[in-house]
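let's see this in three dimensions:
(4 chains)
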Number of protein chains: 4
Amino acid sequence: MIVVFKGGAPEAEISRINRELRDDWGLVPEKIVGKHKVVIGLVGDTADLDPLQIQEISPWIEQVLRVEQPFKRTSREYRHGEASEVVVPTLAGAIHFGEHHPLVVVAGPCSVENEVMIVETARRVKAAGAQFLRGGAYKPRTSPYAFQGHGESALGLLAAAREATGLGIITEVMDTADLEKVAEVADVVQVGARNMQNFSLLKKVGAQDKPVLLKRGMAATIEEWLMAAEYILAAGNPNVILCERGIRTFDRQYARNTLDLSAIPVLRSLTHLPIMIDPSHGTGRAEYVPAMAMAAIAAGADSLMIEVHPNPAKALSDGPQSLTPERFDTLMQELAVIGKAVHRWPQTAVALT
Amino acid sequence: MIVVFKGGAPEAEISRINRELRDDWGLVPEKIVGKHKVVIGLVGDTADLDPLQIQEISPWIEQVLRVEQPFKRTSREYRHGEASEVVVPTLAGAIHFGEHHPLVVVAGPCSVENEVMIVETARRVKAAGAQFLRGGAYKPRTSPYAFQGHGESALGLLAAAREATGLGIITEVMDTADLEKVAEVADVVQVGARNMQNFSLLKKVGAQDKPVLLKRGMAATIEEWLMAAEYILAAGNPNVILCERGIRTFDRQYARNTLDLSAIPVLRSLTHLPIMIDPSHGTGRAEYVPAMAMAAIAAGADSLMIEVHPNPAKALSDGPQSLTPERFDTLMQELAVIGKAVHRWPQTAVALT
Amino acid sequence: MIVVFKGGAPEAEISRINRELRDDWGLVPEKIVGKHKVVIGLVGDTADLDPLQIQEISPWIEQVLRVEQPFKRTSREYRHGEASEVVVPTLAGAIHFGEHHPLVVVAGPCSVENEVMIVETARRVKAAGAQFLRGGAYKPRTSPYAFQGHGESALGLLAAAREATGLGIITEVMDTADLEKVAEVADVVQVGARNMQNFSLLKKVGAQDKPVLLKRGMAATIEEWLMAAEYILAAGNPNVILCERGIRTFDRQYARNTLDLSAIPVLRSLTHLPIMIDPSHGTGRAEYVPAMAMAAIAAGADSLMIEVHPNPAKALSDGPQSLTPERFDTLMQELAVIGKAVHRWPQTAVALT
Amino acid sequence: MIVVFKGGAPEAEISRINRELRDDWGLVPEKIVGKHKVVIGLVGDTADLDPLQIQEISPWIEQVLRVEQPFKRTSREYRHGEASEVVVPTLAGAIHFGEHHPLVVVAGPCSVENEVMIVETARRVKAAGAQFLRGGAYKPRTSPYAFQGHGESALGLLAAAREATGLGIITEVMDTADLEKVAEVADVVQVGARNMQNFSLLKKVGAQDKPVLLKRGMAATIEEWLMAAEYILAAGNPNVILCERGIRTFDRQYARNTLDLSAIPVLRSLTHLPIMIDPSHGTGRAEYVPAMAMAAIAAGADSLMIEVHPNPAKALSDGPQSLTPERFDTLMQELAVIGKAVHRWPQTAVALT
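You can find the predicted model right below:
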């Protein structure tokens, strides 16, 4: 349920109502200051409440509306139709993810393999225009005998790459026990596709401060995905970015997954959260990444995540879907063409390092 | 297997070899004149042939290569990497479908409902820049009690719409018995998703002259789809356009199907045939069509098929996924932005009617 | 909508009402004589009818009920909860398919290859207890270069196998143009999975007299499948058997399809039609067939279709999923154990040839 | 790689070879005493080893064979074709899960709601013949606002139910942090479908002693599932039971999931681990449970998990798929018919409490 205030509602009145809803009505009010309106979102046992009765609390209340979706805080209605933005402070300044901001490009290798490799990759993707470095320290692998990531030591290397380049860092957490260590280094904490419904983990990342990148489970419906985001928001962390990375379908012969780009307009209509697309996992083959990255921008994505490795043929994981730094360089120029056409390309993609 | 000739190979020599392969070797040779090379494609029992032995037939032969894919004539190798084009003569001139040509836009209603409606829609989509009119005379419907299309009389109305506008006509054939009637009116004969593996129908459309639009079956793999196209090519008709229209996945709550845009780069690498995208069936909801249409162009589609209806709320079929003519008008302007950015937009989209 | 009569309603009264509903109300009444009740099913424009008004036509009417499902004649409600049966006359007597009858076993090769092979296979499966011979004359094949069936000549061989054994014949029709020839030989005409939504073909098999075996499309929902059956019933042929043959899912590594045995209880609750299971196509591997065949009987299937080939390694199609006659022999004994336990095994499975 | 010994190989020789393979060859040998043969399984970097060289170590070695599957310890080859069994000590004696043992029935509610409810349910399912009680203390729920289980206090109630009935206890662990508490009460620790690829959790349950029930992820391939089991075996715990609980497909209208019973013969050929089927989650509807439970036994399942709730309509979770105790009672009698037919029914299903 949301309480929409009239334009010009006094701050003090809004605060008073906020308190009243909390103290007298036993609800959990959350104040949302949008561009046009102030709204108070209400979560809790609202099924039996009469919107009209709440409306009578103050003449400054314009409307009281039910959120009909099962996901509440995540829904677009909860912010009365306004997009939210996720702001991430980095050494190179604050980066904004959201539909009213330029596209944010995240790039880097699947796994952090060693210092030279990660720092070099960071420099290359930075030079090409990326603003975030991705790199796995803890790797979810199908086989227990496959490379599992360098773990804690890799976190240190990511920190070094940040120091060297100023890029923000995105890395995955797989276990609640590792969250503190990961969050110390990561500017954005990633929850992977296989853990999208690891509800214990969702609650824990929701109870800390770093923004969360929530990848879609490989057979998760849009609704289940938004409910997973709701776990994070409900635990207190409003900074969630949704990342589509390919779903599982009947055909896996050429592309490893089916990148569901229709998730972009669907999510746009359902939620206020920023949307990222990962064409590397989404297709599983480097040669298909450029076309899908271009399509994602044209469809309205707020961010892209692209795997780049200095030597894909020798990558410890996900080589076949990784671009070389050279190919990534060219790709960024191709992307700029679409990005500029839809007015989502950063003014100065190449920062002055 | 393909026989690639050296540049400058004399016409007479190529003909001689063609005859020899047919008469002495018992193969089915097909001469393909590409931009850079002349190639003879060979279909038949080639498993036991020795490429080196064929190479010795003439010093003008550069290479003899096996086509490794199960789809032969449809494969990109069969044309030695060159794209093919489908040229459709229309009252407004020849329209070219193919990767070296501007985007071709096909628009119109799901079903032909009456003359006023179809002619009016044709005028509107023509004015907005479409080059083909789509419209169903025979409609495959899940329920026997649903509107089944006006059949033969609707074919007449499509002919009238062509007369009135000069647009090319695309309409579906559902039964081998109707093919002749349909092909009389249609400039491109459509085989629908549900009939993608109706092999009798494929053989029949392969044995007539009109170009064929082959929609992907809703759970067809890319390979099965190309094998279906191979039926048409094998029967003698090389003019096939492939149309992705959404596949069936586990999530059908918001979008009715999952539009598989990765089919674009995948097909591009596997086949020489032109690629069309149908975002209307692909999502099942008019509000998602614009984002997906833009994405399709960015990803490299050669053609788009978009449902437009003068009054979607009263459409006899597929109303929820149809755009109004006004929305289509705006969409064409949005598409032009992407189309121009990737250099696939027609110079003068609006013809001088 | 159905009109349920009280027990003991006089024949003349039922006929009178039948006429009245047809002539005065403009409906299409269909009289269904069940074990316990007589019912008149009504199809047509019944949305605006008032059940109470119809009830007033006669004091012998017990109830007038709406059929809420989109499939009408196919629904269980349409027969007021009673199962239907499909009776097929064969040289060895009438065979009954239905939930109140013993299991019917259909066996034979994927394709009819030659006379010796088909007659020999027929003798072997008959000796083991099968009542029907399956065998393809027209074969739907993914590749145009694969064996397409011997067509018309194979129909003659099936007729010979029937003469030799007395088995009923089930064979597939792929094209409306072949229906007459196929129906001349077949005791049950099969519509294959790829043609489940070939609505032209459904209408044609619905307009002839032979019972129809309708295989489920590989990505068809239960509802779409029942709507396909409805096409046949609506065209006048009430004798439809539904055959589940495996659906397409994300995992095709070991089993080629996923046999959906839950279709048995689901269909049982939704429709009155008999249910057949095809574990051969359903799994694609001979070694998995016995377990799935036993499961199907335990779950309540009315019939089984099992591929048997005298020499699977040399079969022209579907060898990997075919049992040898010896294995089929053993399987029948294994099946008898389950069949007898659930009281669905024929008293004398082995007929006196 | 496995080392197969000749019959009668002396114990001392086997131990000597075991030591040699560990100390001199740097491998991880695991001795497996089967019914017919003794085998030493070898995991580690065996790709470059020459089987013939190992064979020369001792004349008592019959064969040295590679395990070709990516899952090693989990594969059937690793035990030279022999089934393993999982033995669970309970107050009522040791219960054996495995293909050479009678069917084990696990029953109980989705969630532990209160003491009266869980103890009463335990008594009822015990009286009907179940040997294990299932009941969730920690519940993975799609919505953060849905009942999340009573957690630790529910574990105490499960212990009480065990005391009262002697049934073994199966309950789910969702978080590595809760594992110790759960394992204290549980006789078998369950890893749920959503956590099948929560690799941190798999490693932890592999490093403790209680047997593990590993549910199949809703879109997990058979291979991924066996690789997940491999994580547990590789971590040192050989006691894993695999539970199929329905996969996600395109059709969810009537049954919530598609129960993949073909997993039974497929797993039987690939792995030595015991197989459980959960028809309650597998279909999502109580009315379909009996048919699928019967089918599972006929197909060869080693165990069944069935949801039973004293009052399904008021269940805090999964009511629609729960049987009443009365229905479960009847079901057990129906199952006995199939179970006895295939010689998998316990001699005295009803224990003397």
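
nearest spatial neighbour of residue A:152, skipping sequence neighbours?
Nearest non-adjacent residue to residue A:152, counting by C-beta to C-beta, 6 or more residues apart in numbering or on different chains: residue A:181, 6.2 Å away. Yep, even glycine has a C-beta here, placed from its N, CA and C like the rest.

next, count neighbours for residue A:324.
16 (other C-beta atoms under 10 Å in any protein chain shown).

gap between the closest residue to it other than its chain neighbours and residue A:154?
Leaving aside its chain neighbours, residue A:324 sits nearest to residue A:312 (6.3 Å; criterion: C-beta to C-beta, 6+ apart). Per C-beta to C-beta, to the nearest Å, residue A:312 is found 19 Å from residue A:154.

and the helix or strand hosting the residue nearest to residue A:152, what does it pack against?
Assigned by DSSP states H and E, residue A:181 belongs to helix A:179-185. Here helix A:179-185 touches helix A:152-165, strand A:168-172, strand A:188-191, helix A:199-206, going by 3 or more C-beta pairs under 8 Å, 6 or more residues apart in numbering or on different chains; DSSP states H and E.

now the ones you listed as TSV including mean pLDDT?
Putting these into TSV (pLDDT from 0 to 100) gives the following:
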stretch	mean pLDDT
helix A:152-165	97
strand A:168-172	98
strand A:188-191	98
helix A:199-206	97
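
possible to save the ones you listed as a markdown table with mean neighbour count?
Conversion of the helices and strands packed on helix A:179-185 to a markdown table gives the following (neighbours: other C-beta atoms under 10 Å in any protein chain shown):
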| stretch | mean neighbour count |
| --- | --- |
| helix A:152-165 | 19 |
| strand A:168-172 | 25 |
| strand A:188-191 | 26 |
| helix A:199-206 | 24 |
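
now the strands for the stretch 51-200 of chain A?
A:61-65, A:86-90, A:93-97, A:104-108, A:132-134, A:168-172, A:188-191 (DSSP state E, counting those that start in this stretch).

can I get the first one in PDB, CA atoms only?
Going back to what we said before, that points to strand A:61-65. The C-alpha trace of strand A:61-65 is given here as PDB (Å, rounded to 0.1, in the frame of the first residue of the first chain):
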ATOM      1  CA  ILE A  61      -2.700  12.900   1.300                       C
ATOM      2  CA  GLU A  62      -3.700  12.800  -2.300                       C
ATOM      3  CA  GLN A  63      -4.300   9.000  -2.700                       C
ATOM      4  CA  VAL A  64      -3.900   5.700  -0.900                       C
ATOM      5  CA  LEU A  65      -3.300   2.900  -3.300                       C
END
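
ok, it: who's next to it in the sheet?
Next to strand A:61-65 in the sheet, as set by DSSP bridges, lie strand A:2-5 (antiparallel).

how near is residue A:288 to residue B:302?
17 Å.

actually residue A:275, not the one I wrote
Distance, residue A:275 to residue B:302, by C-beta to C-beta: 27 Å.

who has more neighbours out of the two?
Ranked by neighbour count (other C-beta under 10 Å), residue A:275 and residue B:302 place residue B:302 first, with 28 against 25.

ok, the more buried one - contacts?
B:97-99, B:101, B:103-104, B:241, B:274-276 (C-beta atoms under 8 Å, 6 or more residues apart in numbering or on different chains).

how close does the closest residue to it other than its chain neighbours sit to chain A?
In space, and not counting its chain neighbours, residue B:302 is closest to residue B:274: 4.4 Å by C-beta to C-beta, 6+ apart. Separation of residue B:274 from chain A (C-beta to the nearest C-beta, to the nearest Å) stands at 16 Å.

residue B:274 contacts residue B:100, doesn't it?
No. When contacts are counted by C-beta atoms under 8 Å, residue B:274 is not listed as touching residue B:100 (10.0 Å).

when these two are compared, which one has more neighbours?
The residue with more neighbours, out of residue B:274 and residue B:100, is residue B:274; 26 against 11, by other C-beta under 10 Å.

now for the more buried one: which residues touch it?
Applying C-beta under 8 Å, 6+ apart, the residues contacting residue B:274 are B:83-86, B:97-99, B:241-242, B:302-303.

which residue does the stretch 1-150 of chain A bring closest to chain C?
residue A:142 (13.1 Å; C-beta to the nearest C-beta).

now the strands for the stretch 201-350 of chain A?
A:212-215, A:240-244, A:275-277, A:303-307.

give the rounded mean pLDDT of the last one.
In this model, strand A:303-307 carries a mean pLDDT of 98.

residues making contact with that strand?
A:97, A:103-110, A:130, A:134, A:170, A:241, A:243, A:245, A:274-281, A:289, A:293, A:296-297, A:318, A:321-323, A:328, A:331, A:335.

that one vs strand A:93-97, what angle?
100 degrees (axes from the mean of the first three to the mean of the last three C-alpha atoms, to 10 degrees).

how far off centre is strand A:303-307?
Put simply, strand A:303-307 sits 11 Å off its chain's centre (C-alpha atoms, centre = their mean, to the nearest Å).

burial of residue A:314, as a residue count?
For residue A:314, the count of nearby residues is 10 (other C-beta under 10 Å).

ok and the residue in the stretch 1-150 of chain A nearest chain D?
For the stretch 1-150 of chain A, C-beta to the nearest C-beta, closest residue to chain D: residue A:144, 4.4 Å.

try the stretch 251-353 of chain A
residue A:252 (9.4 Å).

and the residue nearest to residue B:302, how far is that from residue A:303?
Counting by C-beta to C-beta - residue B:274 and residue A:303 are separated by 32 Å.

for residue A:133, give the beta-bridge partners.
residue A:107, residue A:169.

show me the contacts for it.
A:106-108, A:118, A:121-122, A:125-126, A:158, A:161-162, A:165, A:167-170.

in the lengthiest helix in chain A, which residues are buried?
As assigned by DSSP state H, the longest helix anywhere in chain A is helix A:325-341. Across helix A:325-341, burial judged by 16 or more other C-beta atoms under 10 Å in any protein chain shown covers A:325, A:327-329, A:331-332, A:335-339, A:341.

mind listing what the residue of chain A found nearest chain D touches?
For chain A, the residue closest to chain D is residue A:219, as judged by C-beta to the nearest C-beta, at 3.2 Å. By C-beta under 8 Å, 6+ apart, residue A:219 lies in contact with A:247-248, B:250, C:250, D:218-219, D:248.

give me the phi and psi for the closest residue to it other than its chain neighbours.
Residue nearest to residue A:219 in three dimensions, not counting chain neighbours: residue D:219, with 3.2 Å by C-beta to C-beta, 6+ apart. Backbone torsions of residue D:219, given as degrees, to the nearest 10, read phi -130, psi 30.

how much space between residue D:219 and residue A:221?
Separation of residue D:219 from residue A:221 (C-beta to C-beta): 11 Å.
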